[in-house]
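K.L.:
based on what follows, work out the 3D shape:
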Amino acid sequence: MIAAAVYVLCALTSLACAVLLLRAYARRGVRLLLWSGLGFVGLALGNAVLVVDLLILPARDLSLFRSLPVLAGLAVLVYGLVWDTR
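P.N.:
As a prediction, the model looks like this:
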């Protein structure tokens, strides 16, 4: 029960961070905010798939499907960090 609440709260927190970062990018136009927001979108999707994997479909193994959005989000974030430092 507590684990389910933690998983859901982690997904909601990642989503809130993504929304706040992308809203700040829309107002200010700083590209690092865009890359960070997109990175958090990937993390939020990974957390959402984690909730589905462990709570809704516990008999199925969705570990690959929950790792792919996290990998994509981190790749976007690293690309943005490297791109904006030049």
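K.L.:
make it CA atoms for all contacts and neighbour counts henceforth
P.N.:
Noted.
K.L.:
residue 14: how many residues sit nearby?
P.N.:
For residue 14, the count of nearby residues is 23 (other C-alpha atoms under 10 Å).
K.L.:
what does residue 2 give?
P.N.:
6.
K.L.:
quick check: closest non-adjacent residue to residue 24.
P.N.:
Leaving aside its sequence neighbours, residue 24 sits nearest to residue 33 (C-alpha to C-alpha, 6 or more residues apart in numbering; 6.9 Å).
K.L.:
remind me what the helix or strand of the chain with the lowest mean pLDDT packs against, helices and strands.
P.N.:
Using mean pLDDT, DSSP states H and E, helix 63-84 stands out as the lowest-scoring helix or strand of the chain, at a mean of 92. Counting contacts by 3 or more C-alpha pairs under 8 Å, 6 or more residues apart in numbering; DSSP states H and E, helix 63-84 is packed against helix 31-51.
K.L.:
and the contacts of the helix it packs on?
P.N.:
With C-alpha atoms under 8 Å, 6 or more residues apart in numbering as the test, helix 31-51 has contacts from 4, 7-8, 10-15, 17-22, 24-25, 62-63, 65-77, 79-81, 84.
K.L.:
from those residues, list the buried ones, please.
P.N.:
Buried by 16 or more other C-alpha atoms under 10 Å: 7-8, 10-11, 13-15, 17-19, 21-22, 25, 66-67, 69-70, 72-77, 80, out of the contacts of helix 31-51.
K.L.:
any weak-confidence spans in this structure?
P.N.:
Within the chain, the ranges that satisfy pLDDT under 70 run 85-86.
K.L.:
ok, now with 80
P.N.:
Low-confidence regions of the chain, defined here as pLDDT under 80, cover residues 84-86.
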